[in-house]
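Visitor: next come a sequence and a model predicted from it.
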Amino acid sequence: MKTKPKWYRKWDLDVSREVIEAAVAKYGSDPENYAHSSVAGPYLPEDSEALCGKTLVFRGEGHVFRFAFGALHEMRFSEDGGEEKACWCNVKTMDGEIFLVNQLIPGYACSRQVTLIADMQSGNATVCDAHVGTEHSNIDVGREFIFGKLDGEFPQSAPMHGFTDELVGTAIDWDYGRIVIKHMYVSNLYYTYSHPSKNYGAWMATNPADYVKLRDNVFLFSFVEERQHGLQALFVIDLNRYHDIGCFYGVSADHMTSACIGAKGTPAELTTIF
């Protein structure tokens with residue numbers, strides 16, 4: 001299944017490329033500036049040391065990405081046989097089998113984030129290659145999903161990762177510890193979220209989204225806040241545990257984020273009444 005083009009419906013919110021480049025130059029070299037989220041909460045696992053000292057080679061759709069892990073948070077990244085680049089990375093897992101590896105790639109004026117989602121049981125993997133700036137907006141995150149496999153032998157076989165509509169028609173209340181946000185998976189191209197606010201009443205928005213099946217009851221869900229500040233969110237959703245882990249990524253005039261978050265979920269109705 002392939003995704004279809006989504007309508008572009010941006011509010012009048014944008015900044016110049018020069019402003020984005022200045023923010024990346026100021027905040028993008030130190031994880032203390034970009035790798036923390038106010039909604040990380042108590043349900044985000046600590047970074048895993050399970051991949052320390054290992055090298056994962058991803059091959060898919062004409063791409064070869066190499067992830068060589070050193071000590072915790074240390075990784076060297078290369079693509080298609082090119083130069084290695086030292087990156088600060090997050091390595092998260094809920095079950096010790098599916099890993100989310102997230103890092104900014106140095107050397108890009110408007111920033112680049114590469115996220116690897118790897119199933120260490122089957123060797124199936126997805127790379128989300130994201131960057132700040134699209135043909136429509138300097139502030140929106142553009143991205144590509146690449147499906148493939150890791151080099152090596154693995155204990156199980158399973159279908160490759162791919163786009164899905166299996167989540168469509170469901171909803172989940174996600175509790176981040178400090179805030180509860182309801183996700184309503186309304187189509188294979190969009191999702192809607194709702195959040196009651198004491199100061200502003202009910203806040204709701206519908207944004208373009210993508211859904212990928214990783215294995216039975218485990219999905220990759222991602223959206224771009226097209227109607228707000230252009231941020232990308234990327235979540236591994238485990239419906240066996242009703243737990244997710246993920247990361248937000250984006251740049252604004254005075255801030256940059258590439259930070260992991262996690263939440264506990266509760267099945268919910270597909271409607272919201274405040």
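Guide: Now that the structure is in, tell me what you want to look at. None of the values given here were measured: they were computed from a predicted structure. Residues are numbered from 1 along each chain as shown.

Visitor: tell me the bridge partners for the residue most central in space within the chain.
Guide: The residue lying closest to the centre of the chain (C-alpha atoms, centre = their mean) is L234, at 2.3 Å. With DSSP bridges as the criterion, L234 is bridged to S222, C247.

Visitor: distance of V127 relative to D14?
Guide: 28 Å (C-beta to C-beta, to the nearest Å). C-beta here means a position set from N, CA and C on the backbone, and glycine is covered the same way.

Visitor: higher neighbour count, those two?
Guide: Higher neighbour count among V127 and D14: V127, with 25 against 16, using other C-beta atoms under 10 Å.

Visitor: you'd agree that one is up against Q113?
Guide: No. Between V127 and Q113 there is no contact under C-beta atoms under 8 Å: 10.8 Å.

Visitor: hang on, the earlier thing: contacting residues around the residue nearest to the centre of the chain?
Guide: L100, T115, C128, L220, F221, S222, G246, C247, Y249 (C-beta atoms under 8 Å, 6 or more residues apart in numbering).

Visitor: out of the residues you listed, the closest to A22 would be?
Guide: Y249 (18.0 Å; C-beta to C-beta).

Visitor: quick one: that closest one is in a strand?
Guide: Yes. Counting by DSSP: H, G, I helix; E, B strand; the rest coil, Y249 falls inside a strand.

Visitor: give the helix, strand or coil label for E32.
Guide: Going by three-state DSSP: E32 is helix.

Visitor: can I get the helix or strand harbouring Y193 in PDB? Just the C-alpha atoms.
Guide: Element membership for Y193, per DSSP states H and E: strand 190-197. Backbone C-alpha positions of strand 190-197 (Å, rounded to 0.1, in the frame of the first residue of the first chain) are rendered in PDB as follows:
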ATOM      1  CA  TYR A 190      -4.900  12.000   8.500                       C
ATOM      2  CA  TYR A 191      -5.500  11.900  12.200                       C
ATOM      3  CA  THR A 192      -7.300  14.200  14.600                       C
ATOM      4  CA  TYR A 193      -6.300  15.000  18.200                       C
ATOM      5  CA  SER A 194      -8.100  16.700  21.000                       C
ATOM      6  CA  HIS A 195      -7.000  18.200  24.200                       C
ATOM      7  CA  PRO A 196      -9.100  20.100  26.800                       C
ATOM      8  CA  SER A 197      -7.400  23.300  28.000                       C
END
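
Visitor: buried stuff in it?
Guide: The neighbour-count check on strand 190-197 (16 or more other C-beta atoms under 10 Å) flags Y190, Y191, T192, Y193, S194 as buried.
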